[in-house]
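# Got a predicted structure plus its sequence, pasted below:
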Amino acid sequence: MHRYAAALLPLCLPAGAVSAEPAAAPAAVTVTRAAAMPSSMGDAAYFTGKVAVDARFQRLVPARVGGAIVSFAPGARTAWHTHPLGQTLIVTQGQGWVQHWQGPLQALAVGDVAWIPPGVKHWHGATATSAMQHVAIAEAQDGTAVTWLEQVADDSYPRQGAQ
């Protein structure tokens, strides 16, 4: 893992990689400047194509929520995965897709919000012809926010634009 691994969105780490150790909570509001949070490339074990992960809001135990701004180049996508407490995606740029296992491909556009229920196997990413950016939010259960599974097969990834 890269230097960013400790702060990276639990969505982008292997199961159990987030520390469950309690940490002292700051006594005041904390502002972290954007320049102090550089983008990191999505790990090829969990993503196909060019993906940038800006892990903007990671919190220490006892908080369970974490999130990132994830930017997908055209054709880029996550591997299949699940979240123990579900996931919310808020599309901020471009067009993309989300699909649950054996379910229909669903188009995503700016302003759309997708809710993936707990334990539902799914993937999400850009269309083949448009980049997409979304805010991804998930909660950890027992220190785990994601379970990564197999890559989305190239022959099952749609090659036309959003439908």
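Nice, I can see it.
# Now residue 119. Nearest residue, chain neighbours left out?
Setting aside the residues directly before and after it, residue 119 is nearest to residue 82 in space (Cβ to Cβ, 6 or more residues apart in numbering), at 5.4 Å. For every residue, glycine as well, the C-beta is placed using N, CA and C.
# is it true that the one you found touches residue 147?
Yes - taking contact to mean Cβ atoms under 8 Å, the distance of 4.9 Å between residue 82 and residue 147 places them in contact.
# Residue 47 and residue 70: what is the separation?
Relative to residue 70, residue 47 is positioned 9 Å away (criterion: Cβ to Cβ, to the nearest Å).
# same deal with residue 108?
Here residue 108 is placed at a distance of 12 Å from residue 70 (Cβ to Cβ).
# Specify which residue of the two has the higher count of neighbours.
The residue with more neighbours, out of residue 108 and residue 70, is residue 70; 27 against 23, by other Cβ atoms under 10 Å.
# Under a three-state scheme, what state does the more buried one occupy?
Residue 70 falls in the strand class when you classify it by DSSP: H, G, I helix; E, B strand; the rest coil.
# Let me know the helix or strand that residue 84 is in.
For residue 84, there is no enclosing helix or strand under DSSP states H and E.
# what's the burial count for it?
Other residues near residue 84 number 17, with proximity taken as other Cβ under 10 Å.
# and what of the one 3 residues further on?
Each residue near residue 87 was counted by other Cβ under 10 Å, and the total is 25.
# For it, which residues count as its bridge partners?
When bridges are called by DSSP bridges, residue 87 pairs up with residue 116, residue 138.
# doesn't residue 135 make contact with it?
No - distance between residue 87 and residue 135: 10.8 Å, which falls outside the contact criterion (Cβ under 8 Å).
# how close does residue 122 get to residue 46?
Distance from residue 122 to residue 46, by Cβ to Cβ: 13 Å.
# Distance from the worst-scoring helix or strand of the chain on mean pLDDT to the middle of the chain?
Comparing helices and strands within the chain by mean pLDDT, DSSP states H and E singles out strand 51-58 as the least confident, with a mean of 86. The chain centroid and the centroid of strand 51-58 are separated by 8 Å, computed with Cα atoms, centre = their mean, to the nearest Å.
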